[in-house]
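Student: Build me a structure from this.
(3 chains)
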Amino acid sequence: MDFQATIDADGRIEPRDAMPDGYRKTLIRQIAQHAHSEIIGMQPEGNWIGRAPSLRRKAILMAKVQDEAGHGLYLYAAAETLGVDRADLLDLLHSGKQKYSSIFNYPTLTWADIGAIGWLVDGAAIVNQVPLCRCSYGPYARAMVRVCKEESFHQRQGFEILHTLSQGTEAQKAMAQDALNRWWWPSLMMFGPPDAASTHSEQSMAWGIKRHSNDELRQRFVDMTVPQADVLGLRVPDDGLVYEDGHYRFTEPDYTELYDVVKGNGPCNQQRLSHRVKAHEDGAWVREAAAAYAAKKEARAA
Amino acid sequence: MTERSEVTSKHSVEPLYEVFVRSRRGLSHTHVGSLHAPDATMALRNARDVYTRRQEGVSIWVVRAADITASSPDEKDEFFDPAGDKVYRHPTFYEVPEGVEHL
Amino acid sequence: MSDLFAYTLRLGDDALISAQRTGEWIAAAPQLEEDVALGNIALDQLGQARSLLQYAGSLDGRTEDELAYFRDEREFLNVQLCELPNGDFGFAMARLLYFATYQHLLYDELRSCADETLAGVAGKAVKEVAYHVDHATQWVLRLGDGTEESHRRMQAGLDTLWPYTAELFESDALVQRLEVAVDPATLHDSWSDRVLAVIDESTCERPSSSYQHSGGRSGRHTEHMGYLLAELQHVARSHPGATW
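Tutor: Presented below is the predicted three-dimensional model:
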């Protein structure tokens, strides 16, 4: 069966099948950026591992950040089935030629931000990712099944953090509300530009890489999240929010900010990338040593 | 040729290993993904850390991706179609009279 | 402070402070696979710390969090080896080799002690630290016998930390009085056999410093400890009485 027939029959494309060049390139870019987002995403939360205010929270946060490294690995592995090398993809990240999700260019300022990231950022990620489990490219779809399964605890732990804060002292409640105020708009922007301005969407839909439009997913997220905010007793910072015909109408975020952060002008762009580059460079001698040792062993065995 | 795209690229310092996990006794090892490691010893340890964080396995195999020989999609017809008309290999091919059990 | 409480606290503080340092590696490791591996090790250490601090707390009416977040520097009883700031990856693997090998011998003895809770914690932990020993060993071998640079760095890590190892095996009146305690002095010979075998195979030189630091078991720490606790404790202490 040829490529388009497989796609039309909602079948899966596997690594060694013939595929159009554009399909391959689009997938490599998307999967790599997804992988980059997982590993850059370790930083804003990793920032709080040392300061988590209870040992239980510390264990949960460590496990979560570690999961993100694992998810990055699954995704790089999926990208590599398309004939690229993880080392090259990391170079593209480090040189700024490939992007990662802009949400991670915002700072985590208080403990409540760890709750907000779990609840909102992972919540938005799940809305984005669940349809990817049915993506037309087999290895990507399988990686996403694994990621989604593991991430189900990430969102819950975030909600639990905020729920505990919102039941706590006045200072804790204020901390939770402040976190929601700062993370709400960036979370909405995680679904990308509005459909009218989205450049890659149509082709990706035709190829079965994307299943729903940005605006559709954004609406789904808002509908899901607003009632949860009510349970938390927190106020979504949108005066335009109204419930109408089964949906919450909301104010669109200021997309000029999104474009700006994507271009590199966000509060933490420099910091995140240089931390990542430093870890990579600091580790170079370790990777070289391991390779040298393996080569010596092989030579001795031969 | 491995179960990877035909498009080749330069190699990382660390070779790629494919990981297979037996999720519980009685089941066969299943491919779960891949990872990079300097050698097989480290690949096995990395696989334990990356792919069995939630008790997903009781046994792991790692195989260098470059050592896997895979059938090519171009050969699909010769490889797999001939099995397609041997329907008598499947139990549903046979008619069983009503009332006969344990067959 | 009862002997059993103090003894359990020593073990718990070693594990807690180690977890705090190992955790700093997450998102800073030499490769992604290692972020995950060190994450597992930090989680194991933290798990051990929690079991031990919960038990210690049950003996004197405090919670694990009260013990972790609301004690001052001089009340922590961990060895100084665990609190030293992270150096490079060679330093990290040297510390893990020294510490996990000690923990493995200790837990292996402790799992047959008469205190059911301590024996239970040790029985679970011994499997975890066996893996830590293996992980450290694999890396010490690779770094020691890798490149010139890695050999130099591995040697430096082993040498720098060697003067902090004797403290692990200090015997005192408490461990001699307390029946369930393992006298760490009895572990020293097996420890040095194992550790030196790895160092020899790694082509590094055996460290030879004769000076040995001491003080952690009586709450005398390095200057680094205060900063470590400042980070660990500041949120919890800024909101006394709060639930998280």
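Student: Secondary structure element holding the closest residue to A:R86 other than its chain neighbours?
Tutor: In this structure, A:R86 finds its nearest non-sequential neighbour in A:Y76, 4.5 Å apart by Cβ to Cβ, 6 or more residues apart in numbering or on different chains. The C-beta positions use only the backbone N, C-alpha and C, and glycine is treated the same way. A:Y76 is part of helix A:55-80 when elements are defined by DSSP states H and E.
Student: now for that helix, which elements pack on it?
Tutor: helix A:21-40, helix A:42-46, helix A:86-94, helix A:138-166, strand B:30-36, helix C:3-23, helix C:32-60, helix C:64-69 (3 or more Cβ pairs under 8 Å, 6 or more residues apart in numbering or on different chains; DSSP states H and E).
Student: buried set for the last one?
Tutor: Same thing as helix C:64-69. The neighbour-count check on helix C:64-69 (16 or more other Cβ atoms under 10 Å in any protein chain shown) flags C:E64, C:D65, C:L67, C:A68, C:Y69 as buried.
Student: One more: the fourth one?
Tutor: When neighbours are counted by 16+ other Cβ under 10 Å, the buried residues of helix A:138-166 are found to be A:138-148, A:150-151, A:153-155, A:157-166.
Student: what's the answer for the first one, then?
Tutor: Within helix A:21-40, the residues that qualify as buried by neighbour count (16+ other Cβ under 10 Å) are A:23-24, A:26-40.
Student: Output the contacting helices and strands for that helix.
Tutor: Using 3+ Cβ pairs under 8 Å, 6+ apart: helix A:21-40 touches helix A:55-80, helix A:86-94, helix A:138-166, helix A:201-206, helix A:269-282.
Student: quick one, phi/psi of residue 81?
Tutor: Reading this off chain A. With angles defined as degrees, to the nearest 10, A:T81 sits at phi -70, psi -10.
Student: Equivalent analysis for B:V62, please.
Tutor: Dihedral angles for B:V62 - degrees, to the nearest 10 - are phi -120, psi 140.
Student: Quick one: residues contacting it.
Tutor: Going by Cβ atoms under 8 Å, 6 or more residues apart in numbering or on different chains, B:V62 touches B:Y17, B:E18, B:V19, B:F20, B:A37, B:A40, B:A43, B:L44, B:A47.
Student: Would you check that the last one makes contact with B:V19?
Tutor: Yes: with contact defined as Cβ atoms under 8 Å, B:A47 counts as touching B:V19 (4.5 Å).
Student: low-confidence ranges in chain B?
Tutor: Applying pLDDT under 70 to chain B flags the ranges B:1-13, B:74-78, B:84.
Student: Please repeat the previous calculation with a cut-off of 90.
Tutor: Within chain B, the ranges that satisfy pLDDT under 90 run B:1-14, B:52-57, B:66, B:69-103.
Student: in it, which helix has the most residues?
Tutor: Taking DSSP state H as the criterion, chain B has its longest helix at helix B:40-51.
Student: elements contacting it?
Tutor: Looks like helix B:40-51 contacts strand B:16-22, strand B:30-36, strand B:59-64, helix C:32-60, helix C:116-144 (3+ Cβ pairs under 8 Å, 6+ apart).
Student: quick check: angle from the second one to helix C:32-60?
Tutor: When you say that, I think you mean strand B:30-36. Going by axes from the mean of the first three to the mean of the last three Cα atoms, to 10 degrees, strand B:30-36 is angled at 100 degrees with respect to helix C:32-60.
Student: what does strand B:30-36 rub up against?
Tutor: A:73-74, A:77-78, A:80, A:86, A:143, A:146, B:12, B:14-23, B:43, B:46-47, B:50-51, B:56, B:65, C:31, C:33.
Student: In ChimeraX, how would I select just the buried ones from those?
Tutor: Filtering these down to the buried ones (16+ other Cβ under 10 Å) takes a single ChimeraX command:
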select /A:73,74,77,78,80,86,143,146 /B:12,14,15,16,17,18,19,20,21,22,23,43,46,47,50,51,65 /C:31,33
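Student: Looking at chain A, what residue ends up closest to chain B?
Tutor: Relative to chain B, the nearest point of chain A is A:G83 (3.0 Å; Cβ to the nearest Cβ).
Student: what about that residue, distance to A:L132?
Tutor: 20 Å (Cβ to Cβ, to the nearest Å).
Student: Please say which of these two ends up with more neighbours.
Tutor: Each of A:G83 and A:L132 has its neighbours counted (other Cβ atoms under 10 Å in any protein chain shown); A:L132 has more, 21 against 16.
Student: ok, now which ones touch the more buried one?
Tutor: Here A:L132 is in contact with A:Y140, A:A141, A:M144, A:R211 (criterion: Cβ under 8 Å, 6+ apart).
Student: Kindly report the same for C:Y131.
Tutor: Per Cβ under 8 Å, 6+ apart, neighbours of C:Y131: C:N40, C:I41, C:D44.
Student: cutoff 10 Å now
Tutor: B:R45, B:R48, B:D49, C:A37, C:N40, C:I41, C:D44, C:A100, C:H104 (Cβ atoms under 10 Å, 6 or more residues apart in numbering or on different chains).
Student: on that earlier part again, which of the contacts of A:L132 lies closest to C:L59?
Tutor: Using Cβ to Cβ, A:M144 is the member of the contacts of A:L132 that lies nearest C:L59, at 47.8 Å.
Student: The closest one contacts A:I209, doesn't it?
Tutor: No: with contact defined as Cβ atoms under 10 Å, A:M144 does not count as touching A:I209 (11.4 Å).
Student: Quickly list what's touching both of the two.
Tutor: Joint contacts of A:M144 and A:I209 (Cβ under 10 Å, 6+ apart) are A:I31, A:P131, A:L132, A:C135.
Student: So which residue is smack in the middle of chain B?
Tutor: Nearest to the mean C-alpha position of chain B, by Cα atoms, centre = their mean, lies B:H31 at 4.5 Å.
Student: Tell me the bridge partners for it.
Tutor: Note on B:H31: beta-bridge partners by DSSP bridges are B:F20.
Student: And it, how close does it get to B:V58?
Tutor: 16 Å.
Student: Worst mean pLDDT among the helices and strands packed on helix A:21-40?
Tutor: Here the lowest mean pLDDT among these goes to helix A:201-206, at a mean of 86.
Student: Would you mind identifying the next helix or strand past that one?
Tutor: helix A:214-232.
Student: Any buried residues in that next one, and which?
Tutor: A:214-215, A:217-222, A:225-226, A:228-229, A:232.
Student: Over to stretch C:13-24?
Tutor: C:D13, C:D14, C:A15, C:L16, C:I17, C:S18, C:A19, C:Q20, C:R21, C:T22, C:G23, C:E24.
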